[in-house]
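1. Just the structure for this:
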Amino acid sequence: WCISRQRNWGVPIPSYTCADCGEKVMNDATLDAVIKLFHEKGSDAWFTDAPESYLGEACVCPKCGGHRLKADKDILDVWWDSGVSWKAVCEYRPELEYPADVYLEGSDQHRGWFQSSLLTSVGANGHAPYKAVVSQGFTLDGQGRKMSKSLGNGIDPLEVIAQYGADALRFMLLDGSTPGNDMRYSEKKVEAARNFANKLWNATRFVLMNLPEDFQPGLPEESKLDMSDKWVLTKLNQVAGAMTDNLDHFEMGLAAAKINSFIWDVYCDWFIELTKNRLNSDDQTTRENAQNVLCYVLIETLKLLHPFMPFITEEIWQDLAPRKEGESICTAPMPQPVEADERLLARFELAKEAISSVRNIRNQKNLPQKEALTLKVIADENYPAEYAPVMRKMANLTAVETVTEKDPAAAAFIVKTTQYFVPMAGKIDAEAERKKLADDLAYYEGFLASVMKKLSNERFVASAPEKVVANERAKQADAEAKITAIREQLAALESGK
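-> Numbering: from 1, shown residues only. Prediction:
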């Protein structure tokens, strides 16, 4: 395939044939003339311009002295054409860099474009034409077969776009993908991506409905932020940092999954719900702060999502604030991550676990979601008191009360080392609760035994990293606290007969 084409397209081999004696002609003088011609007119001039019009004094046969030279018609194959693209593009365009940041192609190009470019660049300049290579796999059908006309298993992307949208198709191809690996086409995944876009659209409608006509986006001073604001801003910073790292390592699938999870779980399912009371507040400052944080996080989130779903993000971004003519989200600065407040996130996770436990109790006891409950807690260092308002809102509680004694007639649960109680006021089935506590006790006793087996192994304690050993000791402390609390709850149930 080195020299295998004769057609008026491609990179010509710059040689001539003497019409008088048949001698092949190619020398420094003819090559310099061809280089100049190509710079001025492009390589198509080889097939359109007569040699005597640009060769000048070089238009002479060194063998017979004739001046009738004919341009040969052989061209270099496409592998040579692509192999010198770094020279034709990167080196000759001042706005571009050489070596290129990245070469991106299919996994079949390891012995194609990647290698042909490498050979020519190393041969000419002594180094690779790229700083990194990213291989993409192929999209297979649902059975893992290559798409082909003979099998009739091809997917028309225009039909998919007409049904689900271009953003949904793009996101399906990216979400969960890994560089170099093939993936199977799944219409269910395209539908899920479409539903994700709908979720974002509906969230935006909610935000716009709660913004005044003269709204100007901006972030309140830190002193005006409540704890849920600080939490969502920290989560935004965390996902921006994680996605930046993923994209720096060309892990597009992981980055797509992270922004999906943030929008769906953090922003829509949690933060929007947490802002509803403040958005309806009679206090103007409270209301405006909620509006500003809600809009700020949405705008920054759209920037993170834009590389994956460019159309819906552009349209929403344009609607959220006044924009100048020609202004686009694709040139807006991306969120710049800073070190996340891990303690704040960890404390909020404790509150979320407590909320989930209250919701589980509702389901287990068949209690209506609209029925307000009371939550009692024996506070210790793992009780996130600063998030009590969040627990009241998200678990539909009338109050979160700090107590010093256990309630035998309550449904109990433990988060880390903190004991919580939901008074049932006669609704609790003591026998069922006793069985549940006994099952929990058996689980944590077995868990503690497995942890202690590790910690009793002197080789493990001596050779394992300090952080790993400390983590096991933390597991031991948590399990022991839970076992103690469950035994006390069982004793309280017995005494409350």
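2. Only C-alpha atoms from now on, for both contacts and neighbour counts.
-> Will do.
3. Quick one: mean pLDDT for stretch 353-369?
-> Stretch 353-369 carries an average pLDDT of 87.
4. Need the contact partners of it.
-> 391, 394-396, 411, 413, 415, 422, 428 (CA atoms under 8 Å, 6 or more residues apart in numbering).
5. List the buried residues of it.
-> Neighbour-count burial for stretch 353-369, with 16 or more other CA atoms under 10 Å as criterion, is recorded at 354-355, 357-359, 361-362.
6. before we move on, back to that, nearest to Lys303, of the contacts of stretch 353-369?
-> Using CA to CA, Met394 is the member of those that lies nearest Lys303, at 28.3 Å.
7. wait, that closest one sits on Leu274?
-> Yes. With contact defined as CA atoms under 8 Å, Met394 counts as touching Leu274 (7.3 Å).
8. Roughly how far does the residue lying closest to His127 once chain neighbours are set aside sit from Tyr387?
-> Closest residue in space to His127, ignoring its immediate chain neighbours: Ser121 at 6.2 Å, by CA to CA, 6 or more residues apart in numbering. Per CA to CA, to the nearest Å, Ser121 is found 60 Å from Tyr387.
9. between these two, which one's more packed in?
-> The neighbour comparison of Ser121 against Tyr387 (other CA atoms under 10 Å) goes to Ser121, with 21 against 17.
10. so what pLDDT did that one get?
-> Looking at Ser121, its pLDDT stands at 94.
11. what does the strand or helix carrying it contact?
-> Element membership for Ser121, per DSSP states H and E: helix 113-125. The contact list for helix 113-125, computed with CA under 8 Å, 6+ apart, reads 79-80, 82-86, 103, 109, 127-129, 133.
12. who wins for neighbours among the residues you listed?
-> Pro129 (28 neighbours).
13. and stretch 203-215, which residues are buried?
-> Going by neighbour count (16+ other CA under 10 Å), the buried part of stretch 203-215 is 203-204, 207-208, 210-211.
14. first vs last residue of it, how far apart are they?
-> First residue to last in stretch 203-215 (CA to CA) measures 17 Å.
15. show me the biggest helix of the chain in terms of residues.
-> If you go by DSSP state H, the chain has its longest helix at helix 466-495.
16. Just list what that helix packs against, helices and strands only.
-> For helix 466-495, the packing partners by 3 or more CA pairs under 8 Å, 6 or more residues apart in numbering; DSSP states H and E come out as strand 410-415, helix 430-455.
17. hang on, Trp317 in a helix?
-> Yes. When DSSP: H, G, I helix; E, B strand; the rest coil is applied, Trp317 is found to be in a helix.
18. got a list of what it touches?
-> In this structure, Trp317 makes contact with 299, 302, 329, judged by CA under 8 Å, 6+ apart.
19. next one: Val400
-> 374-377, 388, 391-392.
20. re the thing from before, for the buried residues of stretch 203-215, which one is nearest Arg487?
-> Using CA to CA, Ala203 comes nearest to Arg487 of the buried residues of stretch 203-215, at 45.2 Å.
21. Surely that closest one and Cys268 touch.
-> Yes. With contact defined as CA under 8 Å, Ala203 counts as touching Cys268 (6.6 Å).
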